[in-house]
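Peer 1: Okay, predicted coordinates and the sequence, questions at the end:
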Protein chains: 2
Amino acid sequence: MTGTDRWAIGVDLGATKIDVAQVEEGGLLRYRLRRPTPINEGPAAVEAEIVVAVRDLLKIAGSSPVGMGVGVAGQIDPNHGVVCFAPNLGWRNVPIQADLSQALELPVVVTNDVRAATWGEWFYGAGKGCNDLICLFLGTGIGGGVVSGGQILSGYKNTAGELGHITTDLNGPPCHCGNRGCLEALAGGWAIARMAQEDISNNPSAGAYLLKMAGGQKEAVSAKIVIQSAQAGDPLSIHIVNEMVRALIAGAVSLVNAFNPCRLILGGGVIEGMPELVKQIDQGVHQQALAAATSSLQVLPAQLHADAGVVGAATLAMYSFANKGGQY
Amino acid sequence: MTGTDRWAIGVDLGATKIDVAQVEEGGLLRYRLRRPTPINEGPAAVEAEIVVAVRDLLKIAGSSPVGMGVGVAGQIDPNHGVVCFAPNLGWRNVPIQADLSQALELPVVVTNDVRAATWGEWFYGAGKGCNDLICLFLGTGIGGGVVSGGQILSGYKNTAGELGHITTDLNGPPCHCGNRGCLEALAGGWAIARMAQEDISNNPSAGAYLLKMAGGQKEAVSAKIVIQSAQAGDPLSIHIVNEMVRALIAGAVSLVNAFNPCRLILGGGVIEGMPELVKQIDQGVHQQALAAATSSLQVLPAQLHADAGVVGAATLAMYSFANKGGQY
């Protein structure tokens, strides 16, 4: 097999769907299969679903991959490829690496889903060719990955990069993590929805537009609806979004001052729904962070969008196994 | 020369004093000379003073060092050993590495003073044997250094580790850096003094004890006086110190969640004056940071105290030049 037709399998395992992809060396995503996650049937059923999807992919591909990378939304023991804790899946201590590599007779490497997306953006997205970058993914929650001096930071217990849980307002609202004032509690999708719902309760006339947009159901007001309402000119939504932007700038300033990256890469559903955020954060960070830390900083949108997870997981597999010639 | 009697020169260059030390491989500080910094006479005079001090040291040592490391409170270009900007010294673009190595005919390496202290704590202090640590130095300002995966983080332009400038309260008071709510603006020595002075103005009866302790001069109220007054039971000082502790815990939580270190090492004048802070921050971080990030975390006092800078600068020199056999 020549270098150019080497490929790896990337898996992005989430609570609602499993993405399985064929990714070539060079980052090209050739095929992607998607299946719903049988989350209520437990880890064995989910793993069996992954195995079926990978076998389908192998039939289409017609050649053998270098290995397989799996990104999971949870805390991973990287040495043994065990999902220690994945709250959205309801998993504790699932040895997914051993299970999948035994079933598929392939080398498997497991990482956190956000770390996988960071691998993807670093190698084949907005971070290409850069040794010092931060990826910040803004969705329902906020997560990130940091590359410093050409290494992805993993930390002592592999949990480095919990960038949604930097304290941005020590007097701020409670976070899901148990602390208060985390960046995620000010600017994560769930927090935007919570703020909007509270504002509707506290000031029904100001909240009337938002409530209408959610079909009259306060609980249906989401970050997406708030962003769309702000873009349509609703004053309350504009206020909520402005506060979110202010928090995101403050959080980005912290990260830029602490890590001094060359690029700050912004992705996730909130950025997809509000691409002008990238420029706003760029301007705010350049105004508020230390001059020395921003002199060469670029703030850029992520490029791989929904593919970052599978491409990154496959990239990690390529990185981990390619020099072993695909041998197990 | 055998491995055991190799040594390096460590220099800690500050705005008030120059420390020059003989540090053996293994971290033993054998001699230290101190001279005042002739700060008003400009860079050439300061460099000449360092040269004189080093020549004195070389006479005492009676053997040749592997090289010399210099820690400077400022922004350093590590490739050329240039002090790009050192506000406390009033320096811009001073090629101190070239100047000193020419004058002394020694290999010279230059780094930021806080980064130097991190080298010291990592190799020979509270960080010994640990590959993932954060040093946080709490003094008039707040600075830090981060070791992750066995590498000191330097960032793209060598300014990583500005841990005093993570935004901890986005609605907080102005910082010297131009931003607001930085950790340093809430918990740095200058900020403690400022808060105390403001509180004395706003509430003279509550501030009476502090004012008395400062000899009746409001401007003379320092962080040291506030900490001592809190330890003596003054309610206003206790309030100010409690707010400082709360900010330090919030900042430490951010760092622990972002970097997932094995050890958080606390040093600097504020810790020396209030050693109980280490335990308070330890407890707060374990309560407030993510469980996964703190499961193996130790919060420890720095061990090298005022020697961290010279020992660390010499350690960097040893690390940079030892394998070149001391050859220039």
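Peer 2: Yes, it's here. The model shown is predicted, which means the values in this text are computed figures rather than measured ones.
Peer 1: Tell me where the stretch 101-250 of chain A has helices.
Peer 2: Using DSSP state H, counting those that start in this stretch, the helices of the stretch 101-250 of chain A run over A:113-124, A:183-187, A:189-202, A:208-213, A:223-231, A:235-259.
Peer 1: Mind giving me the packing neighbours of the first one?
Peer 2: In other words, helix A:113-124. Counting contacts by 3 or more C-beta pairs under 8 Å, 6 or more residues apart in numbering or on different chains; DSSP states H and E, helix A:113-124 packs against strand A:7-13, strand A:68-72, strand A:133-138, strand A:142-148, strand A:151-152, strand A:263-267, helix A:308-321. C-beta coordinates here come from the backbone N, C-alpha and C atoms, glycine included.
Peer 1: any idea which residue of chain A is furthest from its center?
Peer 2: Checked against the mean C-alpha position of chain A, the extreme residue using C-alpha atoms, centre = their mean is A:Ser205, at a distance of 36.0 Å.
Peer 1: residues near the residue of the stretch 201-328 of chain A at minimum distance from chain B, how many?
Peer 2: As assessed by C-beta to the nearest C-beta, chain B sits closest to A:Asn260 within the stretch 201-328 of chain A, at 2.6 Å. For A:Asn260, the number of neighbouring residues by other C-beta atoms under 10 Å in any protein chain shown comes to 28.
Peer 1: and what of A:Trp190?
Peer 2: Using other C-beta under 10 Å as the criterion, A:Trp190 is surrounded by 17 other residues.
Peer 1: Contacts only, for A:Ile249.
Peer 2: Contacts for A:Ile249 were tallied using C-beta atoms under 8 Å, 6 or more residues apart in numbering or on different chains; they are A:Gln280, A:Ile281, A:Gly284, A:Val285, A:Gln288.
Peer 1: can you rerun that using 7 Å?
Peer 2: When the contact criterion is C-beta atoms under 7 Å, 6 or more residues apart in numbering or on different chains, the partners of A:Ile249 are A:Ile281, A:Gly284, A:Val285, A:Gln288.
Peer 1: In terms of helices and strands, where is the third one?
Peer 2: Just to be clear, that refers to A:Val285. Secondary structure here is read from DSSP states H and E; on that basis A:Val285 sits in helix A:277-288.
Peer 1: packing partners for that helix?
Peer 2: Of the remaining helices and strands, those touching helix A:277-288 by 3 or more C-beta pairs under 7 Å, 6 or more residues apart in numbering or on different chains; DSSP states H and E are helix A:235-259, strand A:263-267, helix A:269-273, strand A:298-301.
Peer 1: any idea of the mean pLDDT for the first one?
Peer 2: On average, the pLDDT along helix A:235-259 is 98.
Peer 1: Point out the residues in chain A that sit beside chain B.
Peer 2: Within chain A, the positions lying close to chain B (C-beta under 7 Å from any C-beta of the partner chain) are A:75, A:132, A:148-149, A:151, A:153-157, A:159-160, A:162-163, A:165-171, A:177, A:179, A:246-247, A:250, A:253-254, A:257-262, A:288, A:290, A:292-293, A:295-296.
Peer 1: With adjacent residues omitted, what lies nearest to A:Gly143?
Peer 2: Nearest residue to A:Gly143 in three dimensions, chain neighbours excluded: A:Val114, at 3.8 Å (C-beta to C-beta, 6 or more residues apart in numbering or on different chains).
Peer 1: quick revisit: would you mind giving the helices of the stretch 101-250 of chain A as JSON lines with distance to B:Pro107 added?
Peer 2: Shown next, in JSON lines, are those (distance: least, C-beta to C-beta, whole Å):
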{"stretch": "helix A:113-124", "distance to B:Pro107": "35"}
{"stretch": "helix A:183-187", "distance to B:Pro107": "43"}
{"stretch": "helix A:189-202", "distance to B:Pro107": "53"}
{"stretch": "helix A:208-213", "distance to B:Pro107": "65"}
{"stretch": "helix A:223-231", "distance to B:Pro107": "56"}
{"stretch": "helix A:235-259", "distance to B:Pro107": "29"}
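Peer 1: Residue nearest the middle of chain A, spatially speaking?
Peer 2: Centre-most residue of chain A, counting by C-alpha atoms, centre = their mean: A:Val114, 3.9 Å.
Peer 1: so who does that residue touch?
Peer 2: A:Val114 makes contact with A:Phe137, A:Gly143, A:Gly144, A:Gly145, A:Gly161 under the criterion C-beta under 7 Å, 6+ apart.
Peer 1: picking that back up, for the helices and strands packed on helix A:113-124, give me a markdown table that also has mean pLDDT.
Peer 2: What follows is the helices and strands packed on helix A:113-124, written out as a markdown table (pLDDT from 0 to 100):
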| stretch | mean pLDDT |
| --- | --- |
| strand A:7-13 | 97 |
| strand A:68-72 | 98 |
| strand A:133-138 | 98 |
| strand A:142-148 | 97 |
| strand A:151-152 | 96 |
| strand A:263-267 | 98 |
| helix A:308-321 | 96 |
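Peer 1: Relative to B:Thr16, how far out is A:Ser148?
Peer 2: From A:Ser148 over to B:Thr16 the distance is 33 Å, taken as C-beta to C-beta, to the nearest Å.
Peer 1: Oops, could you answer that again for A:Gly312 instead?
Peer 2: Looking at A:Gly312 against B:Thr16, where the rule is C-beta to C-beta, the gap reads 50 Å.
Peer 1: ok so, going back, may I have the residues that are in contact with the residue of the stretch 201-328 of chain A closest to chain B?
Peer 2: Listed by C-beta under 7 Å, 6+ apart, the contact partners of A:Asn260 are A:Asp132, A:Ala293, B:Gly155, B:Tyr156, B:Lys157, B:Thr159, B:Ala160.
Peer 1: mind giving me the domain ranges of chain A?
Peer 2: Taking automatic domain parsing as the criterion, chain A consists of the domains A:3-120+A:307-324, A:128-302.
Peer 1: Export the ones you listed as TSV, with columns for distance to B:Leu58.
Peer 2: Converted to TSV, the domains of chain A look like this (distance: least, C-beta to C-beta, whole Å):
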stretch	distance to B:Leu58
domain A:3-120+A:307-324	48
domain A:128-302	34
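Peer 1: for those domains, which one sits closest to B:Gln303?
Peer 2: Comparison of the domains of chain A against B:Gln303 by C-beta to C-beta identifies domain A:128-302 as nearest, at 19.6 Å.
Peer 1: Check the offset of the closest one from the chain's centre.
Peer 2: The gap between the average C-alpha position of domain A:128-302 and the chain average comes to 13 Å, counting by C-alpha atoms, centre = their mean, to the nearest Å.
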